[in-house]
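Visitor: After the sequence you'll find the predicted model.
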Amino acid sequence: MPTIHYTDTAGSTVDVNANVGDSVMETAVRNGVPGIVAECGGSLSCATCHVFVREDQAEALPEMSEMEDEMLYGTAVDREDCSRLSCQIKITEDMDLHVTTPETQV
């Protein structure tokens, strides 16, 4: 079963079993993971589901769309090379993904 590991800025980690086809954001919201606001519900219009993907895993994810890239310029915490919007990362069969949430989303 796919697993997403959500770490906050204090270093606390929550491990969540995920459903294939859901997004990393949907999985966080459904499981009450702190640090993911998801104001727009995944419609790619708010950037409040910003995460930092663990560096060694970032390149294995599908390339971000132009729209996601643009939205990342509107995050509350400056984007980094490994920044992604968790609403745009779909869970795959054998995913074991580590993400860190920023200090704030708003």
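Guide: On my side now, so go ahead.
Visitor: ranges for the helices of this structure?
Guide: Shown for the chain, the helices assigned by DSSP state H span residues 24-30, 55-58, 66-71.
Visitor: Setting the sequence-adjacent residues aside, check what's closest to M67.
Guide: Taking CB to CB, 6 or more residues apart in numbering as the measure, M67 lies nearest to L44, with 5.7 Å between them; neighbours along the chain are not counted. Backbone N, C-alpha and C define where each C-beta goes, glycine included.
Visitor: That neighbour: neighbour count?
Guide: A count of neighbours around L44, defined by other CB atoms under 10 Å, yields 15.
Visitor: Quick check: it vs T92, distance?
Guide: Here the distance between L44 and T92 works out to 19 Å (CB to CB, to the nearest Å).
Visitor: Determine which residue lies closest to the centroid of the protein.
Guide: Nearest to the mean C-alpha position of the chain, by CA atoms, centre = their mean, lies S86 at 2.7 Å.
Visitor: For that residue, give me its contacts.
Guide: If you count contacts by CB atoms under 8 Å, 6 or more residues apart in numbering, S86 has them with 23-25, 28, 36, 49-51, 99.
Visitor: what about it, distance to H50?
Guide: When S86 is compared with H50 (using CB to CB), they lie 7 Å apart.
Visitor: hey, what's in contact with both of the two?
Guide: Listed contacts common to S86 and H50 are nil; contacts here mean CB under 8 Å, 6+ apart.
Visitor: In contact with T48: list those residues for me.
Guide: For T48, the residues meeting the contact criterion (CB under 8 Å, 6+ apart) are 36-40, 76, 105-106.
Visitor: top of those by neighbour count?
Guide: Counting by other CB under 10 Å, I36 has the largest number of neighbours within the contacts of T48, with 23 neighbours.
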